[in-house]
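Peer 1: model this:
(chains A, B, C and D)
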Number of protein chains: 2
Amino acid sequence: MRERKKHETRRRLLAEARRLFASPGYFATSIEQIAQAADVAPATLFNYFPSKDALVAELAGEVFETLREQLDRAPAPDSSTQAHLGRALADALPAIREARDVLGPLLLRVLRRAASDGARGGLSRLHGALSRLCVAGQRRGDVRGDVEASFLAELASATLLAALGHWLNDPRYPLDARMCQAAAVIGDGLRVPMPTHTRRDP
Amino acid sequence: MRERKKHETRRRLLAEARRLFASPGYFATSIEQIAQAADVAPATLFNYFPSKDALVAELAGEVFETLREQLDRAPAPDSSTQAHLGRALADALPAIREARDVLGPLLLRVLRRAASDGARGGLSRLHGALSRLCVAGQRRGDVRGDVEASFLAELASATLLAALGHWLNDPRYPLDARMCQAAAVIGDGLRVPMPTHTRRDP
DNA sequence: CGGAAACTTGGAGCGACTCCAAGTTTCCGG
DNA sequence: CCGGAAACTTGGAGTCGCTCCAAGTTTCCG
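Peer 2: Next up is the predicted model:
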């Protein structure tokens, strides 16, 4: 029963944070306000979330979830890994675009933190999905095998996040086109290299 | 003469910051200590640097400088852009590795900030170099022309920074191998795509 | 020389975050 | 059912980064 209470408090904190971050804005709401709205002491909030950033990271995790879902969808059996990646990205675009309006500059904070903290939280799920995709591709033969799948996934997600980050900074950034292009570049990077030049000694 | 004085103060602040960041450590030295060591009021420090992070960003800029130099070196006329990238990266490795001992966890903060702030400061120079490389490659014909060079550079630098960031987080990360692999993946991503499948409608 | 402009400074103040001792609540064995 | 251990909450004091501002002080220039 103690467990349920904790869970409930946590949920309330997240809910109030989401509400306040949306309307007065991230920078305009203090920890104290969130705590007060959730009916706990400010100090208590830090028992649940180590920082204000952690709070928003949790909230924004859902954004990556849609992308992860698209990536984890059963791949069309007759299409390449690269095509699957491109399609998943394209399909997740609307949700991403919508999240921008809701989360706004929050997302940027999340990206910044997530990009450097070795992919924890919502991002780790995205990394996992990309990793699975790469493994499957390697097994299937259209993804290079000379680099570990998890590292490939790391590179891929960094690339995606860079484009996302830029878009968040600059609304005029042509997200659709960029994502398309990013998918193409990543896809070609993952592809098993032609056995021509640019081979380094084993 | 006012100009010289300002420059001098700025230099002193940076010098003291470097010294203190090195020995007591970034988190263990306060703005007040730096200001005091440089013989100015804490408030004055903020006339020169907008934040503590900006201070360390300035310091770490030099690290990327060596990488930029390698990239901007005259390319061997008979080697591909991809090979040039790989070589530059490999050549910059020792300096990067050394910087880790000096700057330690600072570098991570810089990366985090730089990765999201649209490449200002030292990183913008790196981006510029990559951009030039891509333009040259496009002109030469071994870099894809269907994506703008500056965006390609963005993707490439994000990828490199991701690997760097991971290495900074985890000392056991095999940096040399990773960088080599990253260069290969990026190189293949930049390469002009084969006219086989995975073509999207114009 | 005298005033305008640039720069510095201390102080007040805010918000994130930490530490801790003193509650309060929940749990569990006897 | 009771009493104490353990878990959790809370207020308060304190630090640090950072902002704002009014009151200097210095530099420049007509």
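Peer 1: While we're on the residue nearest to residue A:19 when sequence neighbours are not counted, how confident is the model there?
Peer 2: In this structure, residue A:19 finds its nearest non-sequential neighbour in residue A:37, 7.5 Å apart by Cβ to Cβ, 6 or more residues apart in numbering or on different chains. The way it works is simple: take the backbone N, C-alpha and C, and place the C-beta from them, glycine included. What the model reports as pLDDT for residue A:37 is 97.
Peer 1: Isn't residue A:37 up against residue A:21?
Peer 2: No: in this structure, residue A:37 is not within contact of residue A:21 by Cβ atoms under 8 Å, at 11.4 Å.
Peer 1: Looking at the two, which is more packed in?
Peer 2: Using other Cβ atoms under 10 Å in any protein chain shown, the more surrounded residue of residue A:37 and residue A:21 is residue A:21, with 24 against 16.
Peer 1: Is it correct that the more buried one is in contact with residue A:57?
Peer 2: No: taking contacts as Cβ under 8 Å, residue A:21 lies outside contact range of residue A:57: 11.8 Å.
Peer 1: Pull the number of nearby residues for residue A:27.
Peer 2: Neighbour number of residue A:27 under other Cβ under 10 Å is 10.
Peer 1: how would you label it: helix, strand or coil?
Peer 2: For residue A:27, the assignment made with DSSP: H, G, I helix; E, B strand; the rest coil gives coil.
Peer 1: Check the gap between it and residue A:52 for me.
Peer 2: In this view, residue A:27 and residue A:52 are 10 Å apart by Cβ to Cβ, to the nearest Å.
Peer 1: quick revisit: can you tell me how far the residue nearest to residue A:19 is from DNA strand D?
Peer 2: In this view, residue A:37 and DNA strand D are 13 Å apart by Cβ to the nearest atom of the strand, to the nearest Å.
Peer 1: quick one: contacts for that residue?
Peer 2: A:16, A:19, A:20 (Cβ atoms under 8 Å, 6 or more residues apart in numbering or on different chains).
Peer 1: So which of these wins on neighbours?
Peer 2: Among those, residue A:16 has the most neighbours (other Cβ under 10 Å), with 21 neighbours.
Peer 1: give me the element that residue is part of.
Peer 2: Using DSSP states H and E, residue A:16 maps to helix A:2-22.
Peer 1: For that helix, list the C-alpha coordinates in PDB.
Peer 2: The C-alpha trace of helix A:2-22 is given here as PDB (Å, rounded to 0.1, in the frame of the first residue of the first chain):
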ATOM      1  CA  ARG A   2       3.000   2.200   0.600                       C
ATOM      2  CA  GLU A   3       4.000   1.300  -2.900                       C
ATOM      3  CA  ARG A   4       0.700   2.500  -4.400                       C
ATOM      4  CA  LYS A   5       0.900   5.800  -2.600                       C
ATOM      5  CA  LYS A   6       4.400   6.400  -3.900                       C
ATOM      6  CA  HIS A   7       3.300   5.600  -7.400                       C
ATOM      7  CA  GLU A   8       0.300   7.900  -7.000                       C
ATOM      8  CA  THR A   9       2.400  10.800  -5.800                       C
ATOM      9  CA  ARG A  10       4.800  10.300  -8.700                       C
ATOM     10  CA  ARG A  11       2.000  10.300 -11.200                       C
ATOM     11  CA  ARG A  12       0.600  13.500  -9.700                       C
ATOM     12  CA  LEU A  13       3.900  15.200  -9.800                       C
ATOM     13  CA  LEU A  14       4.300  14.300 -13.500                       C
ATOM     14  CA  ALA A  15       0.800  15.400 -14.300                       C
ATOM     15  CA  GLU A  16       1.100  18.700 -12.600                       C
ATOM     16  CA  ALA A  17       4.500  19.200 -14.200                       C
ATOM     17  CA  ARG A  18       3.100  18.500 -17.700                       C
ATOM     18  CA  ARG A  19       0.300  20.900 -17.100                       C
ATOM     19  CA  LEU A  20       2.500  23.700 -15.800                       C
ATOM     20  CA  PHE A  21       5.200  23.200 -18.300                       C
ATOM     21  CA  ALA A  22       2.600  23.500 -21.000                       C
END
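Peer 1: what residues does it touch?
Peer 2: Helix A:2-22 is contacted by residues A:29, A:33-35, A:37-40, A:44-45, A:48-49, A:55-56, A:58-59, A:102-103, A:106 when judged by Cβ under 8 Å, 6+ apart.
Peer 1: is it anywhere near DNA strand D?
Peer 2: Yes: using Cβ under 7 Å from any atom of the strand, helix A:2-22 comes into contact with DNA strand D via A:2, A:6, A:9.
Peer 1: and the last one, how many neighbours?
Peer 2: Right, residue A:9. 17.
Peer 1: Repeat that for the second one.
Peer 2: Using other Cβ under 10 Å, residue A:6 has 12 other residues around it.
Peer 1: Run through the helices of chain A in chain order.
Peer 2: Along chain A, the stretches classed as helices by DSSP state H are A:2-22, A:31-37, A:42-48, A:52-72, A:81-103, A:106-116, A:122-140, A:149-169, A:175-190.
Peer 1: mean pLDDT for the ones you listed: which is lowest?
Peer 2: Lowest mean pLDDT within those: helix A:106-116, at a mean of 63.
Peer 1: circling back to that earlier point, mind putting the helices of chain A into CSV with distance to residue B:191?
Peer 2: What follows is those, written out as CSV (distance: least, Cβ to Cβ, whole Å):
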stretch, distance to residue B:191
helix A:2-22, 43
helix A:31-37, 49
helix A:42-48, 48
helix A:52-72, 24
helix A:81-103, 14
helix A:106-116, 25
helix A:122-140, 18
helix A:149-169, 15
helix A:175-190, 6
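Peer 1: near DNA strand C, which residues of chain A?
Peer 2: Within reach of DNA strand C by Cβ under 7 Å from any atom of the strand, chain A has these residues: A:1-3, A:5, A:29-32, A:42-43, A:46, A:50-53.
Peer 1: Among those residues, the buried ones, what's the PyMOL command?
Peer 2: In PyMOL, this line selects whichever of the residues of chain A next to DNA strand C come out buried by 16 or more other Cβ atoms under 10 Å in any protein chain shown:
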select buried, chain A and resi 29+31+52+53
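Peer 1: Going by distance to chain B, which of the residues of chain A next to DNA strand C wins?
Peer 2: Distance to chain B across the residues of chain A next to DNA strand C (Cβ to the nearest Cβ) is lowest for residue A:53, with 11.2 Å.
Peer 1: What's the separation between that closest one and residue A:100?
Peer 2: To residue A:100, residue A:53 is 18 Å away according to Cβ to Cβ.
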